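K.L.:
Need a 3D model of the sequence below.
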Amino acid sequence: MLQRFTDTFMKDVNLGVMLIGLDYTVISVNEKACAILGCGREQMIRRPVDDIFAAVPEQHRLVQRTMLDGVIVRNHAVSWTNHDRRYDLLLDSNVLRDPGGRIVGAYVMFKDVTNLRSLEAQVQRSDRLAMIGQIAAGTAHEIRNPLTSIKGFLQLLRATFEQREMAKERSFTDVMLSEIDRINELVSEFLLLSKQKEALLAEVDIQHVLRGILPIIESEALLHNCEVQYEPLPSVPPVTADQEMLKQVFLNICKNGIEAMPDGGILTIAEKLDQGDRKLLIDIRDTGPGIPLFLVDKIFDPFFTTKEHGTGLGLSVCQRIIHDIGGTIRVSSKGYGTTFTIGIPFS
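P.N.:
Below you'll find the model as predicted:
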């Protein structure tokens, strides 16, 4: 019965489990661990741990040799990147002893808490967005009223300068008017946070949405000497969402990807199906310089931006739109290129 429990536990438990021998080789590993590590079971059994993690610096490996010395680890938070997917893990490890108390091996267990961490971050950002929204609702009207008056008088001045052929003075008014328009755009983005637009939920064909905005994306890419590649699946199930809001999300992320390649590159839009989580996944990849690891967790924060004239609100709004329809939006970057993965539940 104990053997059956062990076999069933290794197979069905939602934990990655590895058993390590005294010679620091892998004795056994379950399917969950293989999926997280990105290795097949046959590639790991009876192989030295050092060979399996050869490409990873020793201090960043999930399995440490010190475990065989009796070092116990409990709920140690680590990050692990497997290809384009990043995992947040909680790691436990301890030694295994025989009846005489001698160490005969060790085990490592790691639990995938990526979704939990993502939910915590989402709650924190939602609280921040709600606070910003309250401030925006109270101040936007007061900001826009004087701006409207200033803009009106500047337009009159510009018309006067044109009549009197005062080109230099007219150019000054053009600059001021463009800056007022920029302030108005910022206020409009604040208002998006303060009063959320009611989503018009309906069955949406993602391929129809993407093909509809593809000419806009391609024209933007042409300006930056970039190429756009669309990799559709033969067919995809419909999703329940607001079509116009999805367009806003895809256009925003594609535009960010194109702007991340100032010297040209390739923007790839690829479709995948995750039957396990019942989600349609849209990968948007660029070949730019990538996002430094210390910034990856901040890009969805309100007002965080690396652009010279950015507001830092675009990705915050995109994340809220996707979360409101029960979807997910994640980013991964390994120093070369960045991938945004948007997951939308299908019926």
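K.L.:
For the chain, which segments count as helices?
P.N.:
Counting by DSSP state H, the chain has helices at residues 2-12, 31-37, 49-52, 114-163, 167-194, 206-223, 243-259, 293-296, 314-324.
K.L.:
will you turn the ones you listed into JSON lines that also has mean neighbour count?
P.N.:
All C-beta atoms are positioned from the backbone trio N, CA, C, and that covers glycine. Output for the helices of the chain, formatted as JSON lines (neighbours: other CB atoms under 10 Å):
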{"stretch": "helix 2-12", "mean neighbour count": "10"}
{"stretch": "helix 31-37", "mean neighbour count": "18"}
{"stretch": "helix 49-52", "mean neighbour count": "16"}
{"stretch": "helix 114-163", "mean neighbour count": "14"}
{"stretch": "helix 167-194", "mean neighbour count": "14"}
{"stretch": "helix 206-223", "mean neighbour count": "15"}
{"stretch": "helix 243-259", "mean neighbour count": "20"}
{"stretch": "helix 293-296", "mean neighbour count": "12"}
{"stretch": "helix 314-324", "mean neighbour count": "20"}
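K.L.:
Let me have those in JSON lines, adding distance to residue 73 and mean pLDDT as columns.
P.N.:
Output for the helices of the chain, formatted as JSON lines (distance: least, CB to CB, whole Å; pLDDT from 0 to 100):
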{"stretch": "helix 2-12", "distance to residue 73": "20", "mean pLDDT": "66"}
{"stretch": "helix 31-37", "distance to residue 73": "16", "mean pLDDT": "82"}
{"stretch": "helix 49-52", "distance to residue 73": "15", "mean pLDDT": "80"}
{"stretch": "helix 114-163", "distance to residue 73": "19", "mean pLDDT": "73"}
{"stretch": "helix 167-194", "distance to residue 73": "41", "mean pLDDT": "79"}
{"stretch": "helix 206-223", "distance to residue 73": "42", "mean pLDDT": "91"}
{"stretch": "helix 243-259", "distance to residue 73": "37", "mean pLDDT": "90"}
{"stretch": "helix 293-296", "distance to residue 73": "22", "mean pLDDT": "73"}
{"stretch": "helix 314-324", "distance to residue 73": "33", "mean pLDDT": "82"}
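K.L.:
any chance of those in CSV, plus distance to residue 272?
P.N.:
Output for the helices of the chain, formatted as CSV (distance: least, CB to CB, whole Å):
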stretch, distance to residue 272
helix 2-12, 25
helix 31-37, 15
helix 49-52, 27
helix 114-163, 17
helix 167-194, 29
helix 206-223, 11
helix 243-259, 15
helix 293-296, 21
helix 314-324, 16
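K.L.:
Residue 280 is nearest to which of the ones you listed?
P.N.:
helix 206-223 (6.0 Å; CB to CB).
K.L.:
What is that closest one packed up against?
P.N.:
Counting by 3 or more CB pairs under 8 Å, 6 or more residues apart in numbering; DSSP states H and E, the packing neighbours recorded for helix 206-223 are strand 226-231, helix 243-259, strand 265-274, strand 279-286.
K.L.:
Sheet-wise, list the partners of the third one with their directions.
P.N.:
It stands for strand 265-274. Sheet pairing of strand 265-274 (DSSP bridges) gives strand 226-231 (parallel), strand 279-286 (antiparallel).
K.L.:
quick one, which of those strands is packed in tightest?
P.N.:
A comparison of the strands paired with strand 265-274 by mean neighbour count, using mean count of other CB atoms under 10 Å, puts strand 279-286 on top with a mean of 20.
K.L.:
hmm, who's touching that strand?
P.N.:
84, 206, 210, 236-237, 239, 250, 253-254, 257-258, 260-261, 265-274, 327-328, 337-346 (CB atoms under 8 Å, 6 or more residues apart in numbering).
K.L.:
Can I get that strand in PDB? Just the C-alpha atoms.
P.N.:
Output of strand 279-286 as PDB, limited to C-alpha atoms (Å, rounded to 0.1, in the frame of the first residue of the first chain):
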ATOM      1  CA  LYS A 279      -7.100  29.200 -22.900                       C
ATOM      2  CA  LEU A 280      -6.300  30.600 -26.300                       C
ATOM      3  CA  LEU A 281      -2.700  32.000 -26.100                       C
ATOM      4  CA  ILE A 282      -1.500  34.800 -28.200                       C
ATOM      5  CA  ASP A 283       2.300  35.200 -28.200                       C
ATOM      6  CA  ILE A 284       3.600  38.600 -29.300                       C
ATOM      7  CA  ARG A 285       7.400  38.400 -29.700                       C
ATOM      8  CA  ASP A 286      10.000  41.000 -30.700                       C
END
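K.L.:
what is the mean pLDDT for that strand?
P.N.:
Averaged across strand 279-286, pLDDT comes to 93.
K.L.:
could you give the angle of that strand to helix 243-259?
P.N.:
30 degrees (axes from the mean of the first three to the mean of the last three CA atoms, to 10 degrees).
K.L.:
Now residue 325, what are its backbone angles?
P.N.:
phi -100, psi 10 (degrees, to the nearest 10).
K.L.:
how many other residues sit next to it?
P.N.:
17 (other CB atoms under 10 Å).
K.L.:
sorry, back to before: could I get the helices and strands packed on helix 206-223 as CSV with distance to residue 70?
P.N.:
Listed next are the helices and strands packed on helix 206-223 as CSV, based on distance: least, CB to CB, whole Å:
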stretch, distance to residue 70
strand 226-231, 50
helix 243-259, 48
strand 265-274, 40
strand 279-286, 43
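K.L.:
between the ones you listed, which gets nearest to residue 152?
P.N.:
Comparing those under CB to CB, the one sitting nearest is helix 243-259, at 30.2 Å.
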